[in-house]
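Student: this is a predicted model, with the sequence first.
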Amino acid sequence: MRTLPFLRLLALLAFGVAAASTLAQSARQPVALVLIPGAGGIDPRDFLVRSEPIFQSAGLETVLTTSAGQAGSLISQFKGRGMRVVLVGMSLGAVTAAQAVANGAQPDGVVFASGGLLPPGTPNGSVVGTLGDPSRLPRTLVLHHRGDQCFLTPPEAVPEFVRWSRGRARASWISGGGGFGPPCRPNTPHTFEGRQQAAAGAIIQFARSAR
């Protein structure tokens with residue numbers, strides 16, 4: 001009479017051990033970031049370009065590109081080496097990252113940093129319009145500054161995008177810092193001025209996590 005509960009207990013223990021082993025293996029798996037900067041391209045003032053040494057010092061391999069097609073090829077190359085790959089798009093680069101995913105790229109995760117999350121038809125493109133369907137999204141982090149004043153990337157668009165994602169995306173908010181300049185350009189909250197370490201740290205934590 002006691003055999004069935006005992007077998008169930010053994011099965012639960014075995015499942016727990018297997019899950020823990022999978023998580024540990026994921027934690028040890030090397031991680032690569034494919035970084036797509038904003039409208040200025042690979043510019044020293046771009047948040048992702050400035051953050052590349054931070055990512056590398058955390059043990060992550062990085063590569064910069066401005067092409068959706070090249071991003072897809074790089075993702076395939078890294079995965080062929082047994083690496084976990086996270087695609088990161090900054091500002092207009094978030095739309096390019098979405099295009100890579102829509103074209104069939106298969107990163108293990110994607111980060112939209114200060115991305116254009118407004119509905120289709122938005123000037124300079126829309127992540128939503130580019131993807132078309134939230135089922136295309138892998139595990140997704142939306143990294144955004146609460147004080148972003150760029151009209152193309154309003155913080156108010158983030159909650160609606162998270163709802164649109166149907167559970168595939170979560171938001172990570174940055175506050176504080178500052179700077180002065182045109183609201184969609186470097187040296188402003190849009191580019192996490194004064195909060196670069198915190199913003200880069202959120203990307204590192206996401207990239208390292210198994211889920």
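Tutor: Good, I have the coordinates.
Student: what bridges to the residue nearest in space to the middle of the chain?
Tutor: Geometric centre of the chain, nearest residue: V111, 1.3 Å, by Cα atoms, centre = their mean. Here V111 sits in beta bridges with V88, L141, going by DSSP bridges.
Student: pLDDT at it, what is it?
Tutor: Looking at V111, its pLDDT is 98.
Student: give the burial count for the residue lying closest to H145 once chain neighbours are set aside, as a bare number.
Tutor: The shortest distance from H145 to any non-neighbouring residue, by Cβ to Cβ, 6 or more residues apart in numbering, is to P189 (4.2 Å). C-beta coordinates here come from the backbone N, C-alpha and C atoms, glycine included. Neighbourhood size, P189 [other Cβ atoms under 10 Å]: 24.
Student: contacts only, for P189.
Tutor: Neighbouring residues of P189 by Cβ atoms under 8 Å, 6 or more residues apart in numbering: 145-149, 174, 177-179.
Student: tell me the spacing between it and V142.
Tutor: Computed as Cβ to Cβ, to the nearest Å, the P189 to V142 distance reads 15 Å.
Student: just A198 next, same as before
Tutor: Separation of A198 from V142 (Cβ to Cβ) stands at 15 Å.
Student: tell me which stretches of the protein form strands.
Tutor: Ranges of strands within the chain are 31-36, 61-64, 84-90, 109-113, 139-145, 169-174, based on DSSP state E.
Student: need those in TSV with distance to V162, can you?
Tutor: Formatted as TSV, the strands of the chain follow (distance: least, Cβ to Cβ, whole Å):
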stretch	distance to V162
strand 31-36	21
strand 61-64	26
strand 84-90	16
strand 109-113	11
strand 139-145	6
strand 169-174	5
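Student: if we can go back for a sec, contacting residues for the residue nearest to the centre of the chain?
Tutor: With contact taken as Cβ under 8 Å, 6+ apart, V111 is in contact with 86-89, 140-143, 203, 206-207.
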